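A.B. asks: Starting from these lines, generate the structure:
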Amino acid sequence: MTFGLSGAALAGIAVGGATLVSGLAQSNAAQSAAQTQAGASQAGIEEQRRQFDAVQKLLAPYVSAGTPALEAQQAFLGLRGPEAERAAIERIRGGETFQALASQGEEALLQRASATGGLRGGNIQGALAQFRPQLLSSLIEQQYGRLGGMTSLGQQSAAGVGADGQATGVNVANLLGQQGAALAGGDIAQGRAFGAIPSGLAGGLGIYSGLGGKFGSASSSSGGLMDELRSYGVF
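C.D. replies: Okay, here's the model as predicted:
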């Protein structure tokens, strides 16, 4: 057995080895680039979710305030049943605001009637009888309007959270698509890099065959490049 490689064998090995090294380098570079792009997309996804959580936390008190305000409005309208309606009205009637305004108003009516000598007249009696119901109705409308402001605030806040959630979903979906495309692109590039290796090795064998006439046979006992490479444990 010959222990030295012929020039043609060396040329074939050099070409095949260079192709192999180049293919491996391209494969590693493709995978590294794909992982970098995928990592950037993942960081974007996490930041999008972090921002959405922050917005949701900021608006949570306003959303929470809108829910009981809406329920109180429904109670005044009788939409939550007669008992809830009566309870809502009684809260107004028994509240400090109603009691204070009722006392002040009735006192003013009596003072005016006393000053004009009509304290026992029918007009003052009718005015006193109508005063408290009118005051109660006015306070109910006022309270309903205030509750409407809270309901509107909660609705707008909930809508803001919903819109931000939709935008976050779209952005995350886009980033996931970019992440998938980057990883798929890396796999494709890696496949192409490895796919070039057999053709490079075949080219090396072609060089060996083409140079065989100039350099002679590789070895009388090896019978060709493959046998010679096997003798050295390459294959």
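A.B. asks: mind listing the helices for this protein?
C.D. replies: Applying DSSP state H to the chain gives helices spanning 7-76, 82-93, 96-116, 122-215, 225-231.
A.B. asks: I'd like to know which of those has the weakest mean confidence.
C.D. replies: Note on the helices of the chain: helix 225-231 shows the lowest mean pLDDT, a mean of 52.
A.B. asks: Can I get stretch 74-86 in PDB, CA atoms only?
C.D. replies: This file holds the C-alpha atoms of stretch 74-86, laid out as PDB (Å, rounded to 0.1, in the frame of the first residue of the first chain):
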ATOM      1  CA  GLN A  74     -80.200  51.100  35.900                       C
ATOM      2  CA  ALA A  75     -81.600  51.000  39.400                       C
ATOM      3  CA  PHE A  76     -83.000  54.500  39.000                       C
ATOM      4  CA  LEU A  77     -84.600  53.500  35.700                       C
ATOM      5  CA  GLY A  78     -86.200  50.400  37.300                       C
ATOM      6  CA  LEU A  79     -84.100  48.100  35.100                       C
ATOM      7  CA  ARG A  80     -82.800  46.200  38.100                       C
ATOM      8  CA  GLY A  81     -86.200  45.600  39.700                       C
ATOM      9  CA  PRO A  82     -88.600  47.600  41.800                       C
ATOM     10  CA  GLU A  83     -86.800  46.900  45.100                       C
ATOM     11  CA  ALA A  84     -83.500  48.300  43.600                       C
ATOM     12  CA  GLU A  85     -85.400  51.400  42.300                       C
ATOM     13  CA  ARG A  86     -87.000  52.100  45.700                       C
END
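A.B. asks: Touching that stretch from outside, list them.
C.D. replies: 71, 87-89, 140, 143-144, 147 (Cβ atoms under 8 Å, 6 or more residues apart in numbering). (Each C-beta comes from the backbone N, C-alpha and C, glycine too.)
A.B. asks: out of the residues you listed, which is most surrounded?
C.D. replies: residue 88 (23 neighbours; other Cβ atoms under 10 Å).
A.B. asks: for it, what are its contacts?
C.D. replies: 72, 75-76.
A.B. asks: circling back to that earlier point, as TSV, the contacts of stretch 74-86 with distance to residue 153 would be great.
C.D. replies: Below are the contacts of stretch 74-86 laid out as TSV (distance: Cβ to Cβ, whole Å):
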residue	distance to residue 153
71	15
87	24
88	20
89	24
140	21
143	16
144	15
147	11
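A.B. asks: measure residue 114 to residue 156 for me?
C.D. replies: 51 Å (Cβ to Cβ, to the nearest Å).
A.B. asks: Neighbour count: these two, which is higher?
C.D. replies: More neighbours surround residue 156 than the other of residue 114 and residue 156, with 14 against 11 (other Cβ under 10 Å).
A.B. asks: Excluding covalently adjacent residues, which one is nearest to the more buried one?
C.D. replies: residue 62 (7.9 Å; Cβ to Cβ, 6 or more residues apart in numbering).
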